[in-house]
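Undergrad: Quick one, what's the 3D model for this:
(chains A and B)
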Amino acid sequence: MLRYTLRRVLMIVPLLFLVSLGVFALVLLIPGDPAITISGENATEAQIDATRERLGLNDPVLVQYAAWAGNALTGDLGSSLFSNESVSGAIMGRFPVTVAVTIAAMIVALLIAVPAGIIAALRRGHWQDRGATLFASVGISLPNFWVGILLIMAFALAVPIFPAVGYTPITEGVGEWARGLVLPGLTLGMAVAAEITRQLRGSLSDVMQQDFIRTARANGLRGRAVIAKHGLKNAAVPVVTVIGFQIGFLLGGSVIVERVFGLPGLGDLAIRSVLQRDIPMIQGIVVVTALIVMLVNLVVDLSYGWLNPKVRQA
Amino acid sequence: MTEPLLVVDGLEVQFATEDGWVTVLDKVSFSVERGETVGLVGESGSGKTVTSLSILGLLPRESSRVTAGSIRLDGVELVGMPKHKLELLRGDEISMIFQEPMTSLDPAFRVGDQIAEVVRRHRGCSRRQAWARAVEVLTTVGIPHAETRARSYPHEFSGGMRQRVMIAMALSCEPKVIIADEPTTALDVTIQAQVLDLLRAMRDEFGTAVVFVTHDLGVVADICDRAVVMYAGQVVEQAQIDDLYDRPRHPYTEALLSAMPQLTARSGRLATIPGATPPAGSMPTGCRFHPRCAHVVDECREGDRDGRVAARTLDGGGLSRCLRVGDLVLKGSA
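TA: Coordinates of the predicted model:
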């Protein structure tokens, strides 16, 4: 298991390098010249050249990459082309909001999906199963900005229990902070719950047909223990995979939901930066998001090793 | 006189099908004495596996039901016993070994932990004691370096070794009865012989009674004291092993014996039984074997009671469900 972990962690290095190349290439691929954008509408050719020089845009591409990557490794992702705010500072400021929303959504999703998936798997073909399957299909098909608006109308306007928009930092009160996360969490969590329910139902009902489940029962293990221990551990691999994907989806999906709920998260920052063609900011956001996705995948892969001993040797 | 250790008496089991409930076990009766090895023999579809699963109460609750009869283990009625009580007996007083050693162990747990889990469930001892017991039974069934091997996962064992692990698990709480459902069918012939030797040794060492479910009469001859032959959900013959092979009393047994490959006869075709086991729900009237029987007469199609053939007790304790048992002289395996 130790060797498997080490090997898997080391695989991050080349991946990160590839991501950095891709991110850096953004500058070259994006149409438009940031020097022109920054210098303003009435800038002279000389002013634009000066800006270009200041930003290092005249250096050879490799030199630019080395400078950028070197700084990025020390946590310096440059500064915004517009506000001169440091990119890492801006991201760190926004990051807790997105993480909080993602975690809230995951909690909602698991609270719904785990019981629903287990019940559907064990009562396959019964009304409980049909109900869960119906919920899953509906949950997957509903667009989440629409669900968000409906939830705001129901629980912020008609029955004002939760705030409609805005974010209260945790430093200003845990209660208020949590209250503000309920509706965004529900909005994002619903679709994720649907996906996880579907996966868990399929995978657990397959596992419960396996011979080793019969062995466990033949040896007198309690029905509940058989499901919780032998059933769920074996059913978990595809479910954990889906959870990993869904965390990536949540980080991306929150772009829309952050807009709907007026949350100052990474998604909101990403949209603004793209509209302004604020290249260093975009690069920073992509690098950080890619890093998180890689870390999530790392955790998912490590969990495979724990869940399925055969994987460790591969 | 005390009752035998395991008594199956008039067991009738039905399965749910699209056409409603269909009877798959028809008044199955047999018994097993302490320390005795009884072979439950028949083709696929004869009801031998259904019989063994219903003894442990492992048939799916929603699609099957026991409609009549009784199963008693050491005088305790198992039919209708509440689930939690039955769970306490399973793995403790009665345990089962399955056909597929490759898939019958949980791939996600160490084999030692899987055995220890059963021990803890029934003995309520500490983790350390349960682990020690797991290592002990693994040693008993001939796993070399059991101390280390207990920490291995099922995929790190060969088929034969996994079946040893299954046997160790079944023995871990010293049950009174082990039901072995085709435990050697999925194994290589040489490994089969080793596993049979092991089962025989375990039976002799611990005095465990064994119900050996198989379609292989060769294996039955090798290990069993007595055989119960099943066909189409009924017991058609019961006899001591030597009697069964020397002088079968039911044409189905005769047919099974003649279908055994003979080492001496090296030429010619293998004998087969024409036709196939009838599906449950469309059993022939009269004797259920009559469409495939070489000795069939008109009465066989009628039966002698409710369109069936009643079982006949024979001198010497055997039993046959053949109308012509009195006048037929059937060929043994000699």
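Undergrad: Going by C-alpha atoms from here, please, whenever you check contacts or count neighbours.
TA: OK.
Undergrad: Hmm, A:Ile48 is touching A:Thr37, no?
TA: No: look at A:Ile48 against A:Thr37 with CA atoms under 8 Å: they stay out of range, at 9.0 Å.
Undergrad: Which one of those two is surrounded by more residues?
TA: Taking other CA atoms under 10 Å in any protein chain shown, A:Ile48 and A:Thr37 do not tie; A:Ile48 has more neighbours (20 against 16).
Undergrad: Which parts of the stretch 101-250 of chain B are strands?
TA: Assigned by DSSP state E, counting those that start in this stretch, the stretch 101-250 of chain B shows strands spanning B:177-181, B:209-214, B:226-231, B:234-240.
Undergrad: any chance of the ones you listed in TSV, with distance to chain A too?
TA: What follows is these, written out as TSV (distance: least, CA to the nearest CA, whole Å):
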stretch	distance to chain A
strand B:177-181	10
strand B:209-214	15
strand B:226-231	23
strand B:234-240	24
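Undergrad: Output those strands as TSV; include the columns mean pLDDT and mean neighbour count.
TA: Below are the strands of the stretch 101-250 of chain B laid out as TSV (pLDDT from 0 to 100; neighbours: other CA atoms under 10 Å in any protein chain shown):
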stretch	mean pLDDT	mean neighbour count
strand B:177-181	93	25
strand B:209-214	93	26
strand B:226-231	94	25
strand B:234-240	92	25
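Undergrad: Just send the ones you listed back as TSV, with distance to B:Ser104 too.
TA: Output for the strands of the stretch 101-250 of chain B, formatted as TSV (distance: least, CA to CA, whole Å):
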stretch	distance to B:Ser104
strand B:177-181	12
strand B:209-214	17
strand B:226-231	25
strand B:234-240	28
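Undergrad: Return the residues of the stretch 151-300 of chain B in contact with chain A.
TA: Residues of the stretch 151-300 of chain B lying close to chain A (CA under 8 Å from any CA of the partner chain) are B:153, B:155, B:170.
Undergrad: Apologies, that question was intended for the stretch 1-150 of chain B.
TA: So the stretch 1-150 of chain B meets chain A at B:56, B:58, B:84, B:86-92, B:95-96, B:98, B:100, B:103-108, B:118, B:121 (CA under 8 Å from any CA).
Undergrad: switch the cut-off to 6 Å
TA: Counting by CA under 6 Å from any CA of the partner chain, the stretch 1-150 of chain B comes close to chain A at B:87-88, B:90-91, B:103-106, B:108.
Undergrad: Kindly reformat these as JSON lines containing pLDDT.
TA: Listed next are the residues of the stretch 1-150 of chain B next to chain A as JSON lines, based on pLDDT from 0 to 100:
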{"residue": "B:Glu87", "pLDDT": "92"}
{"residue": "B:Leu88", "pLDDT": "93"}
{"residue": "B:Arg90", "pLDDT": "94"}
{"residue": "B:Gly91", "pLDDT": "91"}
{"residue": "B:Thr103", "pLDDT": "91"}
{"residue": "B:Ser104", "pLDDT": "93"}
{"residue": "B:Leu105", "pLDDT": "94"}
{"residue": "B:Asp106", "pLDDT": "94"}
{"residue": "B:Ala108", "pLDDT": "92"}
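Undergrad: Top of the residues you listed by number of neighbours, please.
TA: Within the residues of the stretch 1-150 of chain B next to chain A, B:Gly91 tops the neighbour count with 31 neighbours, counted by other CA under 10 Å.
Undergrad: thought it was touching A:Gly220?
TA: Yes: if you go by CA atoms under 6 Å, B:Gly91 and A:Gly220 touch, sitting 5.3 Å apart.
Undergrad: Could I get the buried residue list for the lowest-mean-pLDDT helix or strand in chain A?
TA: Lowest mean confidence among the helices and strands of chain A (mean pLDDT, DSSP states H and E): helix A:34-39, at a mean of 73. The neighbour-count criterion (16 or more other CA atoms under 10 Å in any protein chain shown) identifies A:34-39 as the buried residues of helix A:34-39.
Undergrad: and what of stretch B:51-68?
TA: Buried residues in stretch B:51-68, counted by 16+ other CA under 10 Å: B:51-59, B:64-66, B:68.
Undergrad: Also stretch A:63-71?
TA: By neighbour count on 16+ other CA under 10 Å, the buried set for stretch A:63-71 is A:64-65, A:68-69.
Undergrad: Next: stretch B:198-218.
TA: For stretch B:198-218, a neighbour-count test (16+ other CA under 10 Å) marks B:198-200, B:202-203, B:207-217 as buried.
Undergrad: Report the distance from it to the chain centre.
TA: 10 Å (CA atoms, centre = their mean, to the nearest Å).
Undergrad: Straight-line length of that stretch, end to end?
TA: 17 Å (CA to CA, to the nearest Å).
Undergrad: which outside residues touch that stretch?
TA: When contacts are defined by CA atoms under 6 Å, 6 or more residues apart in numbering or on different chains, stretch B:198-218 is touched by residues B:34-43, B:176-182.
Undergrad: now do 7 Å
TA: If you take CA atoms under 7 Å, 6 or more residues apart in numbering or on different chains as the criterion, stretch B:198-218 is touched by B:33-43, B:48, B:141, B:175-182, B:223.
Undergrad: for stretch A:70-78, same thing?
TA: A:86-88, A:280, A:284.
Undergrad: Narrow these to those in helices?
TA: Per DSSP state H, helices hold the following members of those: A:87-88, A:280, A:284.
Undergrad: Look up the closest residue to residue 107, ignoring the ones flanking it.
TA: You didn't say which chain, so I picked chain A. Nearest residue to A:Ile107 in three dimensions, chain neighbours excluded: A:Gly189, at 7.6 Å (CA to CA, 6 or more residues apart in numbering or on different chains).
Undergrad: Chain B is the one I meant
TA: Leaving aside its sequence neighbours, B:Pro107 sits nearest to B:Pro154 (CA to CA, 6+ apart; 5.7 Å).
Undergrad: Around chain B, which positions in the stretch 201-314 of chain A sit nearby?
TA: Within the stretch 201-314 of chain A, the positions near chain B by CA under 7 Å from any CA of the partner chain are A:211-212, A:215, A:218-222, A:230, A:234, A:307-309.
Undergrad: Lowest-confidence member of the contacts of stretch A:70-78, which is it?
TA: Within the set of those, pLDDT is lowest for A:Pro280 (84).
Undergrad: which residues touch it?
TA: Shown in contact with A:Pro280 (CA under 7 Å, 6+ apart): A:77-80, A:87.
Undergrad: Widest-spaced pair of those residues?
TA: Greatest spatial distance in those: A:Leu77 and A:Ser80, 9.3 Å, computed using CA to CA.
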